[in-house]
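J.: The sequence isn't on hand, but the structure is:
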């Protein structure tokens with residue numbers, strides 16, 4: 001009969017063996033239903049293209065629906081870190097939900113990667129944001145592109161209408177800075193909710209200010225509402241959207257009233273219109289080929305491409321992290337966080353990523369192009 005000491009040693013050894021062969025568990029919370037589902041579903045489709053093994057370790061993906069609700073996103077994140085003990089959190093795909101994930105990531109010291117746009121998720125850097133990274137472009141990069149385009153095209157005054165949440169407020173903050181740099185006056189600022197069915201009052205105030213252009217700080221199909229209202233009331237100025245609308249569901253909902261819309265985007269949106277010298281073109285084509293093969297021709301989009309770029313992050317960071325710890329341990333989670341933070345020259349479909357302790361996004365000017373909508377399709381603006 002074994003002694004108690006022998007039993008304890010055997011149990012510890014068994015645990016270490018199990019840990020050595022543990023999968024890398026990646027917990028995902030996305031808006032697969034609700035107002036932001038048009039963004040979350042493409043992200044999920046993109047995740048289906050990612051590796052199932054890296055560095056000799058299997059990847060186990062656990063994907064949950066947060067129904068476009070921050071409370072559900074928080075519950076999902078707690079379930080994933082507490083019950084599933086994941087090594088990495090991914091999500092959500094909208095700012096309010098990702099802010100909820102950020103809290104859980106920091107508390108549990110689990111690295112997290114957002115597929116949401118607001119720069120407030122990773123700036124200013126602090127003890128919480130130390131655990132959060134972000135694949136989509138920051139608004140300051142995109143806002144600069146918008147207002148520089150406005151200035152080149154004679155816009156002197158602009159109006160703003162955005163979501164009444166973190167995304168809308170973050171865009172308003174960056175719009176103010178970019179407008180000032182481009183010597184453009186922001187004449188009016190309004191807000192609306194994702195689930196609102198009318199913005200008549202806000203649009204009347206914008207029309208009263210009579211700006212040369214209007215920037216809509218929304219994402220997904222709800223971002224079409226103010227534009228449809230502006231067009232219905234005869235607004236003839238330029239209308240700009242954010243990179244949060246770069247998917248075909250937005251084109252479908254807006255229809256002909258989107259004609260002439262301008263927005264910044266990652267290179268992936270107009271891939272075939274870019275010169276071969278663009279560094280993201282090769283990765284973009286690989287993503288499109290893989291997506292079309294998995295989900296059908298013509299289904300690839302910018303939000304699925306964010307997932308693709310996450311896969312490139314994992315291919316670089318996971319082998320580095322495995323040198324410092326085994327999956328399922330706090331040492332591995334910390335090492336994965338450190339590996340993300342040290343990534344250099346990761347050429348993705350949305351640009352080239354160079355992360356630092358102060359920059360957990362890492363995209364520069366190569367991560368943006370200006371796009372317009374013509375004939376119901378995306379067109380590169382020279």
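T.: Thanks, I have it. Just so it is clear, the model here is predicted, and its values are computed rather than measured. Residues are numbered from 1 along each chain as shown.
J.: So what touches stretch 328-341?
T.: Stretch 328-341 has contacts (C-beta atoms under 8 Å, 6 or more residues apart in numbering) with 19, 22, 24-25, 85, 87-88, 109-111, 113, 130-131, 133, 313, 316-318, 320-326, 355-357, 360. C-beta: built from backbone N, CA, C; applies to glycine.
J.: ok, now stretch 162-175?
T.: Under the contact criterion C-beta under 8 Å, 6+ apart, stretch 162-175 has outside partners 94-96, 99, 116-120, 139-140, 142-143, 146-147, 158, 160, 186, 189-194, 215-219, 222, 242, 244.
J.: Mind checking which of the residues you listed land in helices?
T.: Here DSSP state H is the test, and the contacts of stretch 162-175 give 95, 96, 99, 139, 140, 142, 143, 146, 147 as lying in helices.
J.: Let's have the residues you listed in a markdown table, adding distance to residue 36.
T.: Supplementary listing: the ones in helices among the contacts of stretch 162-175 in a markdown table, determined by distance: C-beta to C-beta, whole Å:
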| residue | distance to residue 36 |
| --- | --- |
| 95 | 10 |
| 96 | 9 |
| 99 | 14 |
| 139 | 17 |
| 140 | 22 |
| 142 | 18 |
| 143 | 21 |
| 146 | 22 |
| 147 | 26 |
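J.: Closest to residue 297 out of those?
T.: residue 142 (28.9 Å; C-beta to C-beta).
J.: In space, what's closest to that closest one - neighbours in sequence excluded?
T.: Nearest non-adjacent residue to residue 142, counting by C-beta to C-beta, 6 or more residues apart in numbering: residue 264, 4.2 Å away.
J.: Return the residues in contact with residue 215.
T.: Residue 215 touches 146, 158, 159, 160, 161, 162, 171, 175, 240, 241, 242, counting by C-beta under 8 Å, 6+ apart.
J.: my bad, should have said residue 263
T.: 146, 240, 241, 242, 243, 245, 246, 370, 371, 372.
J.: how far out from the middle of the chain is stretch 329-349?
T.: 17 Å (C-alpha atoms, centre = their mean, to the nearest Å).
J.: on that earlier part again, tell me which of the contacts of residue 215 is nearest to residue 376?
T.: For these, the nearest to residue 376 is residue 241 (14.9 Å; C-beta to C-beta).
J.: Quick check: buried residues in stretch 321-329?
T.: 321, 322, 325, 326, 327, 328 (16 or more other C-beta atoms under 10 Å).
J.: Including distance to residue 209 and pLDDT, could the residues you listed go into CSV?
T.: Below are the buried residues of stretch 321-329 laid out as CSV (distance: C-beta to C-beta, whole Å; pLDDT from 0 to 100):
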residue, distance to residue 209, pLDDT
321, 52, 98
322, 56, 98
325, 56, 96
326, 59, 97
327, 55, 98
328, 56, 97
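J.: Could you tell me which of the contacts of stretch 162-175 count as buried?
T.: Using 16+ other C-beta under 10 Å as the burial test, the contacts of stretch 162-175 include 94-96, 99, 116-120, 139-140, 142-143, 146-147, 158, 160, 186, 189-192, 194, 215-219, 222, 242, 244 as buried.
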